[in-house]
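Colleague: model this:
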Amino acid sequence: MLYHIYETQRSLMEPFTDFAQAAAKLYSNPLSPFSQSPLAQRMSAGYDLLYRLGKDYEKPAFDIHSVDVNGVGVAVHERIEMDKPFCELRRFKRFSDDPATLVNLKTQPVVLIVAPLSGHYATLLRDTVRTMLKDHKVYITDWKNARLVPLADGEFHLDDYVNYVQEFIRHLQGIYGNCHVISVCQPTVPVLAAVSLMASRGETTPLTMTMMGGPIDARKSPTSVNNLATNRSYEWFENNVIYRVPDNFPGAGRRVYPGFLQYTGFVAMNPDRHASSHYDYFKDLIKGDDTSAEAHRKFYDEYNAVLDMDADYYLETIETVFQEYKLVHGTWDVRSPDGKIERVRPQDITTTALFTVEGELDDISGSGQTEAAHDLCSGIVRKEQRHLEAKGAGHYGIFSGRRWRDVVYPQVRAFIHEHEKPQKNAVPAVIETPDDNPPRQVAAKVAVPKKAPAPKVAAKPAVKTPSAPAVATRWVKPAVAGRGKPAGAAAPAEAAEAPAAKGKTAAATVTASATPRTRRGTARKA
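Modeller: Numbers count the residues shown, from 1 in each chain. Presented below is the predicted three-dimensional model:
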């Protein structure tokens with residue numbers, strides 16, 4: 001019922017927020033006569049603040065269109081690699097026309113960033129992704145708002161989260177041979193479970209796991225978040241924070257933990273800080289400090305955008321991670337997609353290096369909670385384990401902002417590159433494909449007309465046409481139709497030579513030095 005009341009209140013407030021937005025522009029637009037009044041700046045700032053306090057915040061975009069790689073600008077295209085009912089695996093594909101940069105992009109490590117499903121969207125890790133793109137091929141889990149998932153797609157449990165992560169890892173291993181995994185906050189627990197199950201089955205596990213600010217052992221240095229989960233029973237959470245999605249959403253009728261309740265909890269942790277931040281925003285508008293005002297908008301556009309979580313997933317996370325500590329007690333069983341029950345055994349991990357990161361001032365995941373992963377992963381040799389405590393960093397500081405870029409990221413990058421191995425389908429020295437999946441090896445071929453049968457002449461024997469010399473196949477960029485190149489042909493400097501494919505007819509290939517004129521001549525002779 002609370003969800004319906006909230007939606008009704010939001011609908012009633014919408015006309016007032018629209019009016020506040022219009023009034024703010026009316027008092028700030030220099031062409032408006034209202035902007036000439038003595039209190040115009042204050043009136044505009046006040047209405048702008050009211051608008052931002054009352055508006056509905058939609059899911060933000062990653063908005064990453066380019067990055068700098070070793071001083072060269074590289075275009076970035078965001079695309080959906082896999083689409084699951086409750087999650088999308090997103091790829092940030094990089095493009096460049098600089099040959100040296102292409103070689104660098106192709107050989108960089110592949111990283112799967114597992115974003116938290118704890119109220120905010122994956123775009124909260126925008127700075128993490130942007131920074132990682134300079135030195136890595138980046139994929140990220142983008143969790144969907146449960147109120148937008150129809151009931152026909154079924155429920156979503158913590159076991160499903162673990163199975164999703166395993167599926168994403170296998171997908172990248174199938175393309176590149178292996179990958180590195182970074183988990184931020186909440187997903188450290190299901191990621192550790194996913195890799196543990198893969199190790200127990202004898203599957204190939206990721207080269208490295210980097211875990212940042214997560215509640216691996218929530219008993220250590222408990223925070224207000226931990227205390228809330230332990231001071232209330234499972235039944236209390238089920239009866240007081242779980243509601244059904246209203247009828248005006250695709251997921252109508254689904255039991256969820258609403259995002260607006262999670263947002264209320266976020267603000268309640270530091271109410272004074274948020275009140276001060278909004279007052280500073282009001283003063284910045286009055287002073288005309290557009291830079292500070294825009295920084296405030298960007299932060300709260302992200303912070304205020306929240307999503308609903310499926311009730312089963314939320315309640316099972318509370319019970320498994322914060323109440324019964326099943327991971328550290330060794331009592332956590334996960335149901336696989338085929339219905340098999342498997343015990344999570346982190347001690348079975350032996351071939352994956354482990355790096356944990358904590359913030360000195362983290363008020364969500366306390367000191368020692370993430371570092372506890374090292375004791376659980378006893379099968380990993382000590383030299384393959386590493387821990388970092390970022391001095392002066394809070395929870396968000398370890399994956400976003402200056403401390404992330406200057407303190408944490410350099411060590412994460414070094415750790416990943418230290419354990420990187422040659423990728424599947426290694427590329428040649430020079431290629432003409434963008435930063436994409438490992439390219440296909442193709443041969444540049446031209447159509448050679450069939451030889452007409454020689455006329456039978458009794459006095460003269462038939463003259464044999466010499467066969468074309470054997471040449472090597474090469475990496476080429478497929479020609480674009482309508483640009484004057486025959487299909488499959490490439491310029492002399494566009495491709496690197498590679499060994500000829502076994503069993504291919506040598507006459508069907510051409511050398512890089514052959515010109516259209518010589519090819520036409522050869523065809524005529526044939």
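Colleague: for residue 288, see how far away the residue most central in space within the chain is.
Modeller: With distances taken as Cα atoms, centre = their mean, residue 140 lies nearest the centre of the chain, 1.6 Å away. According to Cβ to Cβ, to the nearest Å, residue 140 stands 37 Å off from residue 288. Quick note: C-beta positions are derived from backbone N, CA and C, even for glycine.
Colleague: do residue 319 as well
Modeller: According to Cβ to Cβ, residue 319 stands 52 Å off from residue 288.
Colleague: the more surrounded of those two?
Modeller: Using other Cβ atoms under 10 Å as the criterion, residue 319 and residue 288 rank with residue 319 on top: 17 against 10.
Colleague: and that one, what does it touch?
Modeller: Under the criterion of Cβ atoms under 8 Å, 6 or more residues apart in numbering, the neighbours of residue 319 are residue 234.
Colleague: and if you look at residue 269?
Modeller: 224-225, 363.
Colleague: which one (most neighbours) among those residues?
Modeller: residue 225 (20 neighbours).
Colleague: leaving out chain neighbours, which residue sits closest to that residue?
Modeller: residue 364 (5.5 Å; Cβ to Cβ, 6 or more residues apart in numbering).
Colleague: ok, the one you found to residue 219 distance?
Modeller: 15 Å.
Colleague: the more surrounded of the two?
Modeller: Per other Cβ under 10 Å, whichever of residue 364 and residue 219 has more neighbours is residue 364, with 21 against 15.
Colleague: residue 348: neighbour count?
Modeller: Using other Cβ under 10 Å, residue 348 has 19 neighbouring residues.
Colleague: residues touching it, list them.
Modeller: 196, 199-200, 379.
Colleague: now for those residues: which two are most distant?
Modeller: Greatest spatial distance among the contacts of residue 348 (Cβ to Cβ): 200 and 379, at 10.6 Å.
Colleague: tell me where the model's unsure across the stretch 351-500 of the chain.
Modeller: Applying pLDDT under 70 to the stretch 351-500 of the chain picks out residues 425-500.
Colleague: residue 189: how many residues sit nearby?
Modeller: 29.
Colleague: next: residue 8.
Modeller: Using other Cβ under 10 Å, residue 8 has 11 neighbouring residues.
Colleague: so it is in which element?
Modeller: Under the criterion of DSSP states H and E, residue 8 resides in helix 2-28.
Colleague: so what does that helix touch, helix or strand wise?
Modeller: Using 3 or more Cβ pairs under 8 Å, 6 or more residues apart in numbering; DSSP states H and E as the contact test, the elements touching helix 2-28 are helix 40-54, strand 243-244.
Colleague: can you do 6 Å?
Modeller: Other elements packing on helix 2-28 under the criterion 3 or more Cβ pairs under 6 Å, 6 or more residues apart in numbering; DSSP states H and E are helix 40-54.
Colleague: starting at the chain centroid, how far to the helix it packs on?
Modeller: 35 Å (Cα atoms, centre = their mean, to the nearest Å).
Colleague: which residues of this structure fall in strands?
Modeller: Secondary structure of the chain (DSSP state E): strands at 66-69, 72-83, 87-95, 110-114, 137-143, 180-184, 208-212, 243-244, 255-257, 309-310, 333-335, 341-343, 353-359, 385-390.
Colleague: any regions of the chain where pLDDT drops low?
Modeller: For the chain, the stretches flagged by pLDDT under 70 are 425-526.
Colleague: quick check: the closest residue to residue 423 other than its chain neighbours vs residue 384, distance?
Modeller: Distances taken as Cβ to Cβ, 6+ apart place residue 176 nearest to residue 423, at 4.7 Å, with adjacent residues excluded. Relative to residue 384, residue 176 is positioned 21 Å away (Cβ to Cβ).
Colleague: quick check, residue 59 in contact with residue 121.
Modeller: Yes - contact criterion Cβ atoms under 6 Å: residue 59 and residue 121 qualify, at 5.2 Å.
Colleague: which of the two has more neighbours?
Modeller: Ranked by neighbour count (other Cβ under 10 Å), residue 59 and residue 121 place residue 121 first, with 24 against 16.
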